[in-house]
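>>> Take this sequence and fold it.
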Amino acid sequence: MRKLLLIAVLLPILGGVGWWYFREQRMPDYGPRFREYAYVTNGKSNTVSVIDLRYFRLTKTLHVGSEPTGIAANSRKNEIYVVNTGSNNVSVIDAESNNIVATMGVHGRPYLIDVSADGKRGYVANSGSANVSVIDLEKRMVIGNVRVGASPGLARVSPDGSTVVVSNRGDNTVSLIDAAALHVRATLPVCQQPEDIAILPDSSKAFVSCSGSSQVASIQLASADPKAAQRKDDRVLALLDVGRTPVSLTLKPDGGEMIVCNFDSDSISFVETGNDEVGSSHEIGQHPSHGVVTLDNSRLYVSNFGSNSVAVFDIDIGRRIATLNVGSHPDSMALTPDQNYLLVVDTESGDVTVIQKRRPRKLEPSEYSLLTLIPVGVQPNAIVVKTFMATK
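This is a model prediction of the structure:
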């Protein structure tokens, strides 16, 4: 009887100690006005899923236009922009109420939107009409359509807001738009099937991945600033050979290195952005599609579309240190601002995997754990995180 009583007393105590030791760490409480949401476009549901990242749960589903694809957040005000490829328009979400507050028509078959650093303009490449729609985000209206090359896939605005770089997949060129004058100041032939674009923090260079020729183009961006006298013209500086089918480019926050995901080589390539050299390449997983780098430049996360996993690469030591299983066909990813949670969009299984980074312990040495899976819509495409203090 004494043994039974002892067991009855010890079991709850041991259970409580175990829960305390292995429990997932809660996010800090920033007060009742703090908001943190993830927005996910669902291409086959014509919806956007809103996930409350304070509780890691689906809080709302918004009906937008047809075939939503690209999504972006405004850094200066609490708005989210959704590109609807099928209905040729852009939906505006008020992040404070999580309601659709406006819809702006653009031209044929848009896929992505980029927002200027000052939050005043949005740029949408229209692949079906060979132009870029320029949107005044304060007035919520299109103020111009700039003609570019054939089948433009992406328009990326430089950090200083002066140049818009457009990759024209249909004619293997890059258009450079003067953002103040709204006209093309240069059209540069590059490599085959240009797609993704990365621009250095100082706006001096742009890099463009070319999936058809296994290359990345380095492009000098002209500047009118007298301090940048060496940048008088726009020109192609180099064509860098990487792996097969480079699909996405990820800059380290300090801009010193860029990571290329080589989809058909199952590898990543590191590019030294200062001297335009490919430094090293590493096998990373089957069909890598996207990368995300932590703010301290130390860790790289790569979604492996073909192997349903995320690779964790330690940049400082130059090797992969973990492979994390996620949902089916992972693609886009986002980190929460505190860098403790990685959100992975699983395009085939229709959910978002939440991975927690934590401090290893003796009984739980793993640095990463699967926190939860959040169901969203059919064929989720892209994700963006918005953190703010509510004003309303």
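>>> Start and end of stretch 326-338, how far apart?
End-to-end distance of stretch 326-338 (C-alpha to C-alpha, to the nearest Å): 21 Å.
>>> Please tell me how far that stretch is from the chain's geometric centre.
9 Å (C-alpha atoms, centre = their mean, to the nearest Å).
>>> in that stretch, what's buried?
Val326, Gly327, His329, Pro330, Asp331, Ser332, Met333, Ala334, Leu335, Thr336 (16 or more other C-beta atoms under 10 Å). Every C-beta, even on glycine, is put in place using the N, C-alpha and C of the backbone.
>>> Which pair in the residues you listed has the greatest spatial separation?
Greatest spatial distance among these (C-beta to C-beta): His329 and Thr336, at 22.4 Å.
>>> Any regions of the protein where pLDDT drops low?
For the chain, applying pLDDT under 70 flags the ranges 1-29, 226, 229, 362-364.
>>> Which parts of it are helices?
Assigned by DSSP state H, the helices in the chain fall at 2-22.
>>> can you count the residues close to the closest residue to Met258 other than its chain neighbours?
Nearest residue to Met258, sequence neighbours excluded (C-beta to C-beta, 6 or more residues apart in numbering): Val271, at 4.5 Å. Using other C-beta atoms under 10 Å, Val271 has 24 other residues around it.
>>> List the contacts of Val271.
Going by C-beta atoms under 8 Å, 6 or more residues apart in numbering, Val271 touches Phe207, Val216, Leu240, Val242, Glu257, Met258, Ile259, Val260, Glu277, Val278, Gly279.
>>> for Lys120, same thing?
Counted by C-beta under 8 Å, 6+ apart, Lys120 has contacts Arg76, Asp136, Leu137, Glu138.
>>> For those, work out which two are farthest apart.
Spanning the widest gap among those are Arg76 and Asp136, at 13.6 Å by C-beta to C-beta.
>>> Distance-wise, check the residue nearest to Met258 relative to Asp314.
Distance of Val271 to Asp314, computed by C-beta to C-beta, to the nearest Å: 18 Å.
>>> With Thr163 instead?
Thr163 is 34 Å from Asp314, where distance means C-beta to C-beta.
>>> mind listing the strands for the stretch 1-150 of the chain?
With DSSP state E, counting those that start in this stretch as the definition, the stretch 1-150 of the chain shows strands at residue ranges 34-42, 47-52, 57-63, 68-73, 79-84, 89-94, 99-105, 110-115, 121-126, 131-136, 141-147.
>>> Sorry, wrong one. I was asking about the stretch 251-392 of the chain.
With DSSP E, counting those that start in this stretch as the criterion, the stretch 251-392 of the chain has strands at 257-262, 267-272, 277-283, 288-293, 299-304, 309-314, 319-325, 330-335, 341-346, 351-357, 368-375, 380-389.
>>> Tell me which residues touch the closest residue in space to Ala38 that isn't next to it in sequence, please.
Leaving aside its sequence neighbours, Ala38 sits nearest to Ile51 (C-beta to C-beta, 6+ apart; 4.3 Å). Ile51 is in contact with Tyr37, Ala38, Tyr39, Val40, Arg57, Leu58, Thr59, Leu343, Val352, Ile374, Val376, counting by C-beta under 8 Å, 6+ apart.
>>> Identify, from those, the entry nearest to Lys227.
Using C-beta to C-beta, those come closest to Lys227 at Tyr39, 38.5 Å.
>>> sorry, back to before: looking at the strands of the stretch 1-150 of the chain, which is nearest to Asp171?
Using C-beta to C-beta, the nearest of these to Asp171 is strand 141-147, at 12.6 Å.
>>> quick one, that closest one and strand 131-136 angle?
Compare the direction of strand 141-147 with that of strand 131-136 by axes from the mean of the first three to the mean of the last three C-alpha atoms, to 10 degrees and you get 150 degrees.
>>> follow-up on the earlier one: Thr163 and Asp314: which has the busier surroundings?
Thr163 (23 against 13).
>>> wait, the more buried one sits on Lys205?
No: counting by C-beta atoms under 8 Å, Thr163 does not reach Lys205; the two are 10.8 Å apart.
>>> can the contacts of Lys120 go into CSV with extra columns for distance to Val157 and neighbour count?
Shown next, in CSV, are these (distance: C-beta to C-beta, whole Å; neighbours: other C-beta atoms under 10 Å):
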residue, distance to Val157, neighbour count
Arg76, 14, 14
Asp136, 14, 14
Leu137, 12, 22
Glu138, 16, 11
